[in-house]
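Undergrad: Generate coordinates for the sequence data below:
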Amino acid sequence: MKSFAVKELGLLDYQKAWQIQLETHAAVARGELSPTLLLVEHPAVITFGKKGGRENLLVREDFLLEKGFSLYDIERGGDITYHGPGQLVGYPIFNVGRNVQWYLRTLEQVMVDTLSDFGFSSEGSPGYAGVWVNGEKIVSIGVAIKRNVSFHGFAFNVSTNLAHFNYIVPCGLVGKQMTSLEKLLAKPVTLEDVKEKLLDHMHHHFAKSQSLSSKVAG
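TA: Residues are numbered from 1 along each chain as shown. So this is what the prediction gives:
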């Protein structure tokens, strides 16, 4: 892959972004569209992956609906997770073939490199997709691959309301805590602060050409 397009969707309802994902995935799989990275921020939503995860929901669904959360069962790998404001969510729709493990490890390395730019040492955890700082999870990763093209992706906690993770057992990992870049830095940080660095590393690891692709207006 020589390069990929970046489409920024802003703050967008999960279902609308999901539909854009599916349409983009179909176009990339047909060869009608270049590989594309969708970047988005979601209102509060809880999603359940292929492993299900309703046993890891710690409150009633109607309680969450009353608080304005949405809930969806989706086709990505993994268990239950939360998305919400202050979280940078990326959906790489890339031609990855059957190189699933390489793809997951490379996504993790992008996150490790991005966190290093902010002065933090981080790592993946054997057997689990995602990135951790001092034993707390800061990036969740859950992907799906169909017709050799990836979709779904990563969620980077920038200034996320971490209290919302108390409603679930994140990714089904009992006893594990979530963190955010804002918590680690102990000062305000924006998605834009992270986005520029993350895109540099995405292009470095996934594109032969390191020149940035043009952004497509959302």
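Undergrad: Run through the bridge partners of the closest residue to E123 other than its chain neighbours.
TA: The shortest distance from E123 to any non-neighbouring residue, by Cβ to Cβ, 6 or more residues apart in numbering, is to W132 (6.0 Å). Yep, even glycine has a C-beta here, placed from its N, CA and C like the rest. For W132, the beta-bridge partners under DSSP bridges are E123, K137.
Undergrad: just the one 10 residues further on next, same as before
TA: With DSSP bridges as the criterion, the beta-bridge partners of G142 are G153.
Undergrad: so how many other residues sit close to it?
TA: G142: 23 surrounding residues under other Cβ atoms under 10 Å.
Undergrad: same check, this time on I141
TA: 25.
Undergrad: Then the one 4 residues further on?
TA: Neighbourhood size, I145 [other Cβ under 10 Å]: 19.
Undergrad: Just want the most central residue of this structure.
TA: F154 (1.7 Å; Cα atoms, centre = their mean).
Undergrad: So which bits of stretch 128-140 are buried?
TA: For stretch 128-140, a neighbour-count test (16 or more other Cβ atoms under 10 Å) marks Y128, A129, G130, V131, W132, V133, E136, K137, I138, V139, S140 as buried.
Undergrad: Next one: the second one from K197, what distance?
TA: By that I understand A129. The gap separating A129 from K197 is 21 Å, by Cβ to Cβ, to the nearest Å.
Undergrad: same deal with K146?
TA: Separation of K146 from K197 (Cβ to Cβ) stands at 30 Å.
Undergrad: So between those two, which is more surrounded?
TA: Neighbour comparison, K146 and K197: the larger count goes to K197, with 16 against 12 (by other Cβ under 10 Å).
Undergrad: list the contacts for the more buried one?
TA: Neighbouring residues of K197 by Cβ atoms under 8 Å, 6 or more residues apart in numbering: T114, D117, F118.
Undergrad: same thing but at 7 Å, please
TA: Residues near K197 by Cβ atoms under 7 Å, 6 or more residues apart in numbering: T114, D117.
Undergrad: now the helices for the protein?
TA: Remark: helices assigned in the chain by DSSP state H are 14-29, 61-66, 100-117, 181-185, 191-206.
Undergrad: quick one: I74 and T47 touch, right?
TA: Yes: the criterion here is Cβ atoms under 7 Å, and I74 meets it with T47 at 5.2 Å.
Undergrad: okay, the two: which has more neighbours?
TA: The neighbour count for I74 versus T47, taken as other Cβ under 10 Å, is higher for T47 (23 against 17).
Undergrad: before we move on, the earlier item: of the helices of the chain, which approaches P43 most closely?
TA: Using Cβ to Cβ as the measure, helix 14-29 is the one of these that comes nearest P43, at 7.4 Å.
Undergrad: For the closest one, buried residues please.
TA: Going by neighbour count (16+ other Cβ under 10 Å), the buried part of helix 14-29 is Y14, A17, W18, I20, Q21, T24, H25, A26, V28, A29.
Undergrad: repeat for stretch 83-95
TA: Applying 16+ other Cβ under 10 Å to stretch 83-95 flags H83, G84, G86, Q87, L88, V89, G90, Y91, P92, I93, F94, N95 as buried.
Undergrad: That's all I had, so thanks and see you.
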